[in-house]
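Peer 1: I would like to see how this sequence folds:
(chains A, B and C)
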Amino acid sequence: MSYMLELVNLKKHFPIFGGVLKRRVAAVKAVDGVSIKVNRGECFGLVGESGCGKTTLGKTILRLYKPDAGKIFFDVPKDVTEEIAALEKENLKSRRLRRLREQYDLATYRGRELQLLRRKMQIVYQDPTTSLDPRMFVKDIIAEPLVAQGIARGEEAKKMVAEILERVGLTSGHLYRFPHEFSGGQRQRIAVARALVSRPEFVILDEPTSAVDVSVRAQLLNLFTDLQRDFNLTFMFISHDLSIVECISHRVAIMYLGKIVEYSPTEEIFHRPLHPYSQALIASVPVPDPTKRKERAPLTGEVPSPVNPPMGCRFHPRCPLAMDVCKQKEPELMDVGNGHFVACFAVSSQTHYAG
Amino acid sequence: MSERSRFDEFKAGMRPRLKEWRFMLKRMRESRLALAGIIIVLIFVGIAVFAPLLAPPHGDPFSVPQDMEILVIQTSPTPPSTRHIFGTTDQQYDLYYACIWGSITAFRTGLTVVAFSLIVGLTIGTLAAMYGGLLDEALMRFTDIIIAFPGLILAMALVIALPGIFAINLSLVFLLVLVVASFLLLIFHFDKKILLIVQLLLLLSLLSILFFPVQMNLSLTRLDKVLLSIALVGWPGYTRVIRGEVMRVKNEDFVEAARASGSSDFRIIVKHIWPNTIYPILIVATLDIGSIVLTAAAMSFIGLGADPNFADWGQIIQRARNWISNVDLIVANLHAFLIPGIFITFFVMGWNLLGDALRDVLDPMLRRR
Amino acid sequence: MAQESILEIKDLEVKFYTYAGVVEALDGVNLSIRRGEILGLVGETGSGKSVTSLSVMMLVPPPGKIENGGIYFRSKGKTQNIMSLNDASLRDIRGKDISMIFQEPRAYLNPVYSVKDQISEVMLVHRKQEFLQKAIEALQKKGRGKSFEASVYRRVLKTENSVATGSASRFSRNRLLAWMTRIGQRIGTNFMSKFTRKKTLKSEITKEVVRVLKDVEISDPDRVAIMYPHELSGGMAQRVIIAMALACNPTMLIADEPTTNLDVTVQAQILNLIKLLKKDYNSSILYITHDLGVVAQTCDRVAVMYAGNVVETAEVVETYKSPLHPYTRALLESIPSPGKEFKSIPGIVPGLINPPTGCRFHERCNYAKEICLTSKPVFREVKKDHFVACYLYGGSN
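Peer 2: Got it, this is the predicted structure:
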């Protein structure tokens, strides 16, 4: 028994160098302690605004960035992760702990191990125009993972490319063309084909529908659901578009300034958002129904810079429910029942624990 | 069956590229200046290719023949006549022969220097841009030092300073190759086994230097020295341009996507970064060929160039240096410097127009993408 | 017509002559904006909504050319065809009667000038006389009274006026300024600058800039006014752009996807701001977007564009409740909703170099008839204040 993906207190900071000697003066705390568990075969939605770190989180999971702290477990049996957690508590220097981490914790992988990882985890980028090399043929773009990882080449690679093209709804006539000859939706399909050609188990979809027209989005969403079913994929769907995430995800997590403030099954979180930020976020989404108009904007102010996040709970400067404790301590994610977790002092003081 | 389909594959693959090239040619045909440039360069290519027919050599083809019969009477240049189509210059060197074979030298000058600069520039520029940090700083500061010197003057100093004969210890070469190889290994996935092998080889080469001092002698002609010095002075320009371009492309999404697909750094550089960056650099290179030939001619004119009887335009003009001190002499010996001068002018102009045309054509291509 | 329209676009045709071919970007666009309303212009990529907005300001970049049609703008009682205006009159209209704001705010702010400088530039171009007048009045007020300062004010004002009217030479003004400098060296350096018209003009404009910044709900206008664009966040920059657009009280504001790049919470703030400004300034707004939710929340009427034509225009509730054109229907149905399956429009947006014959939507339309392939339907009023261009509603003659 294992989770597809388990993150334990993952952190990624980007240093800022300043001054004459270019020393590290500050850091952008893009991801600052994220712990989530993703089940196999589900679509896990990750929602947040700009600067919250969701894209960075996705890329860190994929090891396109090296995490500064925390652990990433990919398809690791639960007893191993529990053992590691137990060992951490008692003795940080234990050799067994170190060996286990080197074997199972993605955060420690380097070189060849990382390359083997690429077979199992992939990513689809937001902008299909920039994520495809403009000077390569479509067939080479899609075949690249196969060739680069040594899975197949030549005839066999061509066969696999043709197979996957059919699955995403393109034809072999598209092979010898350049990306700029296609529409946005078709380019995104090419990107999806490239991600899936090596038959990964886990795919991160980084805002895959944002750069695409409204009428094409539904096509892409249908494609994603079909592919998930056919290939038994696990998705992490990163987006700032709540309406789409609501339709396609099984569970949703909301991020703010590098931390997860709430996560739960989709229906639960959209009908009963508990964290004040989640409530404001969901209320801000313009509903395509002109008979339901709102008068005031739900949230004032702007997202602060992740370089200097506020002390205590990061949301407290804009929070209507801010209390004194919020300015001093950071709330932890707590279980409030139905698989619903919230990190908020105001909420936890009003709700009972699950059980 | 599979043979035929492979050919079909090839055709299918070439078709879009042919379409692009045909589009490019059409655009170039539309600009008259571009056409002029192409024609001029092609004319010179023709001259260079058919040089043995146009001016049959006796012995060493690059040695300009002197008219011995007239030489015993006078050494001053003789104007064009039936005997010598373009006339002769000081010491009775035949201008026609020099100009024809000089075009081969010109091509050789331009192309080898550009090739050297491109190779060095690509290597250093790409490494500096890809890996940044201390490597970038070190390489760029070194490049800056070269740029700080005025090019022509440094080239002249190098020509004088370079020895005619090099003695190289082969093991040093081996060492250099190993250093470069270990650099490249940084680019491949870092693997402990390969590192061990490299360390062993380094040790072996160090030992071989001590125990097997094998020497090799390289000799440089005067022309080689000129080319080498111009090349050594010219590569920093390319390096900076390439580094800038690589840094721009390095942060593009598709490069990161290639990394996510498992491509090694080497593969990313060769298959993704270089195809997207070299086009502007090719334009710079084309334009540069003209100025390199001009610089070489200038150095020859000063006297630092090729051997006295070498077939090189600059060298031939240098022969006329004694015969331009007053107006009468100039008028009398116009042919001695004007004709090779015209050759140089048209050669440089042709390449410049070609470079401009390429730039105009590639710009909409870049924009279209 | 209940309200009068301040902008009417009739049968606008715009073509782009590129080396790849002639792009028929707009193929007879009909649009009208009424006073004090927010008209949403909805369309996907390639529908021509941006080109339409640029045409109104005659800012279509080459190789684009306006081939046909008329753009009638009514302001201060008279109607003029924008296409027939010369450059000077166009410049007069741009920024003053019609202003425009764009998608990426920081791209439209000059990075080397502060916010205050940029907003005052707009004001100086169009309202210079007004401010000059105010500056002179302020100086005159200061010149009343018996104090030495007042007399200096009077003296300076007189000299400047005579220089302006040409009755005195610059020489006398320079002499005066030299005299003042000598006094200034004895009293204090700021002495001289206080009295000149230019400085007072600047302070008048700064006061107005701060007022406009406050109107766009920037909480600390004095601090923001001296900031540079790179110091502003996305939402703040967009507010500054809106302030610049409103600096001269335009009759109409064109907003080309102003909130697309902003976070959803900031977008909600800006949308509310736009609705508020419509009330306060009574300007009409042409709001271009592809987001049907934004349209539903903000606009009074909506026009739907497809491949260079306006296919439907109606009041927003009417459009969402009973869309008439098949494209509008398909668009509304493709909005993802939980529990419902995802419906998309089959096919892709046609290229505009060789556009489809007849109705440009016929290749993807479920209701296409024979006539749709051959001739284009006319844009006409089919229900009360509900315009459609579709043969489903007759008009096949």
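Peer 1: For the stretch 1-150 of chain B, give me the ranges with low pLDDT.
Peer 2: Within the stretch 1-150 of chain B, the stretches with pLDDT under 70 are B:1-10, B:12-13, B:16, B:20, B:23, B:28.
Peer 1: pLDDT below threshold where in chain A?
Peer 2: A:20-21, A:351-355.
Peer 1: oh, I was asking about the stretch 151-300 of chain B
Peer 2: Applying pLDDT under 70 to the stretch 151-300 of chain B flags residues B:170-171, B:182-195, B:209-214.
Peer 1: quick one, what contacts whichever residue of it sits closest to chain C?
Peer 2: Nearest to chain C in the stretch 151-300 of chain B, going by Cβ to the nearest Cβ, is residue B:253, at a distance of 17.4 Å. From N, CA and C alone the C-beta is placed, and that goes for glycine too. Neighbour list for residue B:253: A:125, A:127, A:130, A:131 [criterion: Cβ atoms under 8 Å, 6 or more residues apart in numbering or on different chains].
Peer 1: and chain B, which of the residues you listed reach it?
Peer 2: Checking the contacts of residue B:253 against chain B by Cβ under 8 Å from any Cβ of the partner chain, the ones in range are A:125, A:127, A:130, A:131.
Peer 1: and those, which two are the farthest apart?
Peer 2: A:125 and A:130 (7.6 Å; Cβ to Cβ).
Peer 1: Between those two, which is the more surrounded one?
Peer 2: More crowded of residue A:125 and residue A:130, by other Cβ atoms under 10 Å in any protein chain shown: residue A:125, with 27 against 17.
Peer 1: neighbours of the residue nearest to the more buried one when sequence neighbours are not counted, just the number please.
Peer 2: Distance criterion Cβ to Cβ, 6 or more residues apart in numbering or on different chains; nearest residue to residue A:125, sequence neighbours excluded, is residue A:131 at 3.7 Å. By the other Cβ under 10 Å criterion, the neighbourhood of residue A:131 contains 27 residues.
Peer 1: Pretty sure residue A:131 sits against residue A:190.
Peer 2: No. Judged on Cβ atoms under 8 Å, residue A:131 makes no contact with residue A:190 at a distance of 9.3 Å.
Peer 1: and the closest residue to residue B:344 other than its chain neighbours, how many residues sit next to it?
Peer 2: Spatial nearest neighbour of residue B:344, chain neighbours left out: residue B:313 (5.2 Å); criterion: Cβ to Cβ, 6+ apart. Per other Cβ under 10 Å, the neighbour tally for residue B:313 reads 30.
Peer 1: give the contact list for the residue of the stretch 51-200 of chain C at minimum distance from chain B.
Peer 2: Residue of the stretch 51-200 of chain C nearest chain B, by Cβ to the nearest Cβ: residue C:63 (11.9 Å). Residue C:63 makes contacts with C:16, C:17, C:18, as judged by Cβ under 8 Å, 6+ apart.
Peer 1: What is the nearest of these to chain A?
Peer 2: Chain A lies nearest to residue C:18 out of the contacts of residue C:63, by Cβ to the nearest Cβ, at 14.2 Å.
Peer 1: Torsion angles phi and psi at the closest one?
Peer 2: Note on residue C:18: its backbone torsions stand at phi -100, psi 170 [degrees, to the nearest 10].
Peer 1: ok but residue C:310 is inside a strand, no?
Peer 2: Yes. Counting by DSSP: H, G, I helix; E, B strand; the rest coil, residue C:310 is found in a strand.
Peer 1: okay but it is in contact with residue C:304, surely?
Peer 2: Yes. Under the criterion of Cβ under 8 Å, residue C:310 makes contact with residue C:304 at 7.0 Å.
Peer 1: Tell me how many other residues surround residue B:132.
Peer 2: Neighbours of residue B:132 using other Cβ under 10 Å come to 12.
Peer 1: ok, now the one 10 residues further on?
Peer 2: Residues contacting residue B:142 under the criterion other Cβ under 10 Å number 14.
Peer 1: That one sits in which helix or strand?
Peer 2: Here residue B:142, judged by DSSP states H and E, is contained in helix B:133-148.
Peer 1: Next SSE downstream of that helix?
Peer 2: Downstream of helix B:133-148, the next assigned helix or strand under DSSP H and E is helix B:151-161.
Peer 1: Which strands or helices does that next one pack on?
Peer 2: Packed against helix B:151-161, as judged by 3 or more Cβ pairs under 8 Å, 6 or more residues apart in numbering or on different chains; DSSP states H and E, are the following elements: helix B:222-250, helix B:274-302.
Peer 1: buried residues in the first one?
Peer 2: Burial within helix B:222-250, assessed by neighbour count using 16 or more other Cβ atoms under 10 Å in any protein chain shown, is assigned to B:222-223, B:225-243, B:245-247, B:249-250.
Peer 1: Name the residues linked to the residue nearest the centre of chain C by a beta bridge.
Peer 2: When Cα atoms, centre = their mean is applied to chain C, the residue found nearest the centroid is residue C:100 (2.1 Å). Beta bridges link residue C:100 to residue C:254, judged by DSSP bridges.
Peer 1: so it touches residue C:253, yeah?
Peer 2: Yes. Contact criterion Cβ under 8 Å: residue C:100 and residue C:253 qualify, at 7.4 Å.
Peer 1: Give me the common contacts of these two.
Peer 2: By Cβ under 8 Å, 6+ apart, the residues touching both residue C:100 and residue C:253 are residue C:245.
Peer 1: any residues touching the longest helix along chain A, and which ones?
Peer 2: Secondary structure of chain A read by DSSP state H shows that its longest helix is helix A:214-231. Residues from elsewhere that reach helix A:214-231 (Cβ under 8 Å, 6+ apart): A:41, A:43, A:167-169, A:183-185, A:188-189, A:192, A:196, A:199, A:205, A:208-209, A:212, A:233-235, A:237, A:244, A:247-248, C:44, C:290-292, C:330-331, C:334-336, C:341-345, C:348.
Peer 1: So which of those belong to strands?
Peer 2: Among these, the members falling in strands (DSSP state E) are A:43, A:205, A:234, A:235, A:237.
Peer 1: how about the residue nearest to residue C:94 when sequence neighbours are not counted, what does it touch?
Peer 2: With sequence-adjacent residues excluded and distances taken as Cβ to Cβ, 6+ apart, residue C:94 is closest to residue C:57, at 5.7 Å. By Cβ under 8 Å, 6+ apart, the contact set of residue C:57 is C:90, C:93, C:94, C:98, C:100, C:254.
Peer 1: could those residues be laid out in TSV, adding pLDDT?
Peer 2: Converted to TSV, the contacts of residue C:57 look like this (pLDDT from 0 to 100):
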residue	pLDDT
C:90	86
C:93	85
C:94	86
C:98	89
C:100	91
C:254	93
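Peer 1: Please list only the buried members of those.
Peer 2: Neighbour-count burial (16+ other Cβ under 10 Å) applied to these gives C:93, C:94, C:98, C:100, C:254.
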